[in-house]
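S.K.: Turn this into a structure:
(chains A, B, C and D)
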4 protein chains.
Amino acid sequence: MLVEFSMVPMKGSDSISADVATIIDLIDKSGLKYRTHAMGTLIEGSWDECMSLIRQCHDKLRSSAPRVYTRIAIDDREGGKSTMGRKLDSVREKLGRDFNRES
Amino acid sequence: MLVEFSMVPMKGSDSISADVATIIDLIDKSGLKYRTHAMGTLIEGSWDECMSLIRQCHDKLRSSAPRVYTRIAIDDREGGKSTMGRKLDSVREKLGRDFNRES
Amino acid sequence: MLVEFSMVPMKGSDSISADVATIIDLIDKSGLKYRTHAMGTLIEGSWDECMSLIRQCHDKLRSSAPRVYTRIAIDDREGGKSTMGRKLDSVREKLGRDFNRES
Amino acid sequence: MLVEFSMVPMKGSDSISADVATIIDLIDKSGLKYRTHAMGTLIEGSWDECMSLIRQCHDKLRSSAPRVYTRIAIDDREGGKSTMGRKLDSVREKLGRDFNRES
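M.R.: Predicted coordinates:
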């Protein structure tokens, strides 16, 4: 299962990078494959693995913020075909080239 | 403005990589900075630049599918501080190291 | 905890109302407070109650579709203040009148 | 086109009902059909009508908050079949009864 999630803690500041750093530390320790981009994090795992990690991150932020918004998007395809590598490889193959322009 | 979007065309198949390739081609031609990950694409630009490109992608998919779901997430911060590079650099600095484990 | 979710099964048709009916039946049997609108369903409960119901709905759809996209948004505020009734009452109070125009 | 959107202004408080009231006022004045629920607002209209209203709401919040997160979900189906009334009627018909339990 491929899962993307993002969290916004409401705690009196418009900067949340320190909070994001805290939960990346948790994600890193989970052992799951992950990729954090500028709007969220992708993880791969079973329902229980992914949701348990997301709950841990959510609870961590709630322990220091009175309100937390958490967004989760799940792509669940038979045969475990929804993986980060496989999806991007499939698009590259159809497109006939690599992509992304970040600067 | 930093914007993430994703689209699901409903056209009788559970594989949509060819459709994703089609819109990456449009994104690439837009000249905007972008990063496509396995669950969506991030772009940077003004409201008009971003929304015009997203509409172009949406219309392209709708031209070959009877129904399209499009999701957009906007992070708009004063002083143009919400950029892909800046947000990730800020997290790296707080965390004291780089991150991501994709294999 | 207030949770909104929506699901898109990819099974060869652009009509998904029969699938939505199937999961509303599950939601109804859960005993949780809920409101289904035209783009998703809101439920109120603990993390375990909400996530267990969402998983049940997701698994139900996956049993008849090779791919399912599920979206979840959580609003978790201290003191259990994020409830459907309370949030709308608070807006009505600030606005000084009721709202919504559906026809 | 059926569109759901929600906004989170980051301005030093975990209560945002006054901000929500401000934008409901804008939505109400737009003349579009809409329904605000506890996690967002649904509107019906053309791409230009919907996006112009959403931008107006977003800019309104950004004028008093240094950072605003805006989320948009579009359901665009041929023949204008994605409407609030039609989607819920179709589910009621498949389910064979009405639904929702809010208290």
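
S.K.: who does the longest strand anywhere in chain A touch, helix- and strand-wise?
M.R.: In chain A, ranked by residue count with DSSP state E as the criterion, the top strand is strand A:67-77. Packed against strand A:67-77 by the contact rule (3 or more Cβ pairs under 8 Å, 6 or more residues apart in numbering or on different chains; DSSP states H and E) you find strand A:2-10, helix A:47-62, helix C:47-62, strand C:67-77. C-beta: built from backbone N, CA, C; applies to glycine.

S.K.: Tell me which residues touch the residue most central in space within chain A, please.
M.R.: When Cα atoms, centre = their mean is applied to chain A, the residue found nearest the centroid is A:Thr41 (2.2 Å). Residues counted as contacts of A:Thr41 (Cβ atoms under 8 Å, 6 or more residues apart in numbering or on different chains) are A:Glu4, A:Phe5, A:Ser6, A:Ile24, A:Ile27, A:Tyr34, A:Arg35.

S.K.: can you confirm it is in a helix?
M.R.: No. A:Thr41: not assigned to a helix; according to DSSP: H, G, I helix; E, B strand; the rest coil it is strand.

S.K.: follow-up on the earlier one: nearest to chain B, of the contacts of A:Thr41?
M.R.: A:Glu4 (4.2 Å; Cβ to the nearest Cβ).

S.K.: Chain C contacts on chain A?
M.R.: For chain A, the contact set with chain C under Cβ under 8 Å from any Cβ of the partner chain comprises A:47, A:51, A:55, A:58, A:62, A:66-78, A:82.

S.K.: Out of the residues you listed, which end up buried?
M.R.: Listed as buried from the residues of chain A next to chain C are A:47, A:51, A:58, A:62, A:66-77, A:82; burial here means 16 or more other Cβ atoms under 10 Å in any protein chain shown.

S.K.: Need the contact partners of stretch A:49-59.
M.R.: For stretch A:49-59, the external contacting residues (Cβ under 8 Å, 6+ apart) are A:1, A:3, A:5, A:7, A:23, A:26-27, A:30, A:32, A:43-45, A:68, A:70, A:72, A:74, C:47, C:51, C:55, C:74, C:76.

S.K.: What's opposite the residue nearest to the centre of chain A in the beta bridge?
M.R.: A:Phe5, A:Thr36 (DSSP bridges).

S.K.: How much space separates it from B:Asp98?
M.R.: Relative to B:Asp98, A:Thr41 is positioned 14 Å away (Cβ to Cβ, to the nearest Å).

S.K.: ok, now A:Thr70?
M.R.: 25 Å.

S.K.: Please apply the same query to A:Leu2.
M.R.: Applying Cβ to Cβ to A:Leu2 and B:Asp98 gives a distance of 22 Å.

S.K.: what about the two, which has more around it?
M.R.: With neighbours defined as other Cβ atoms under 10 Å in any protein chain shown, A:Leu2 and B:Asp98 compare such that A:Leu2 has more, 23 against 8.

S.K.: and that one, what is it in contact with?
M.R.: Per Cβ under 8 Å, 6+ apart, neighbours of A:Leu2: A:Leu42, A:Ile43, A:Glu44, A:Ile74, A:Asp75, A:Asp76, A:Ser82, A:Thr83, A:Met84, A:Lys87, B:Ala38, B:Met39.

S.K.: let's see 10 Å
M.R.: Neighbour list for A:Leu2: A:33, A:42-45, A:50, A:73-77, A:80-84, A:86-87, B:38-39 [criterion: Cβ atoms under 10 Å, 6 or more residues apart in numbering or on different chains].

S.K.: Which pLDDT does the model give the closest residue to A:Met1 other than its chain neighbours?
M.R.: Once flanking residues are discounted, A:Met1 sits nearest to A:Asp76: 4.9 Å by Cβ to Cβ, 6 or more residues apart in numbering or on different chains. Turning to A:Asp76, the model gives it a pLDDT of 97.

S.K.: A:Lys81: neighbour count?
M.R.: 16.

S.K.: State the helix or strand in which A:Val20 lies.
M.R.: helix A:17-30 (DSSP states H and E).

S.K.: Please see if that helix touches chain B.
M.R.: Yes. Using Cβ under 10 Å from any Cβ of the partner chain, we find that helix A:17-30 touches chain B at A:Ser17, A:Ala18, A:Asp19, A:Val20, A:Ala21, A:Thr22, A:Ile23, A:Ile24, A:Asp25, A:Ile27, A:Asp28, A:Ser30.

S.K.: what sits against the nearest residue to A:Ile27 once chain neighbours are set aside?
M.R.: Distance criterion Cβ to Cβ, 6+ apart; nearest residue to A:Ile27, sequence neighbours excluded, is A:Tyr34 at 5.2 Å. Contacts for A:Tyr34 (Cβ under 10 Å, 6+ apart) come out as A:3, A:24, A:27-28, A:41-45, A:53, A:84, B:99-102.

S.K.: next one: A:Glu44
M.R.: So A:Glu44 contacts A:1-3, A:32-35, A:50, A:80, A:82-85, B:38, B:102 (Cβ under 10 Å, 6+ apart).

S.K.: gap between A:Thr36 and B:Gly85?
M.R.: 14 Å.

S.K.: Neighbour count for the two, which is higher?
M.R.: Each of A:Thr36 and B:Gly85 has its neighbours counted (other Cβ under 10 Å); A:Thr36 has more, 24 against 12.

S.K.: Quick one: residues contacting the more buried one.
M.R.: Shown in contact with A:Thr36 (Cβ under 10 Å, 6+ apart): A:6, A:20, A:23-24, A:27-28, A:42-43, B:37, B:87-88, B:91-92, B:95, B:99-101.

S.K.: Now, of these, which are buried?
M.R.: Buried among the contacts of A:Thr36 by 16+ other Cβ under 10 Å: A:6, A:20, A:23-24, A:27-28, A:42-43, B:37, B:87-88, B:91-92, B:95, B:99.

S.K.: Going by distance to chain D, which of those residues wins?
M.R.: Using Cβ to the nearest Cβ, these come closest to chain D at A:Ser6, 9.1 Å.

S.K.: Test for you: state the pLDDT assigned to the closest one.
M.R.: As predicted, A:Ser6 sits at a pLDDT of 98.

S.K.: In space, what's closest to it - neighbours in sequence excluded?
M.R.: What sits nearest to A:Ser6 in space, not counting adjacent residues and going by Cβ to Cβ, 6+ apart, is A:Gly40, at 3.6 Å.

S.K.: What separation do you get for that neighbour and D:Pro9?
M.R.: 19 Å.
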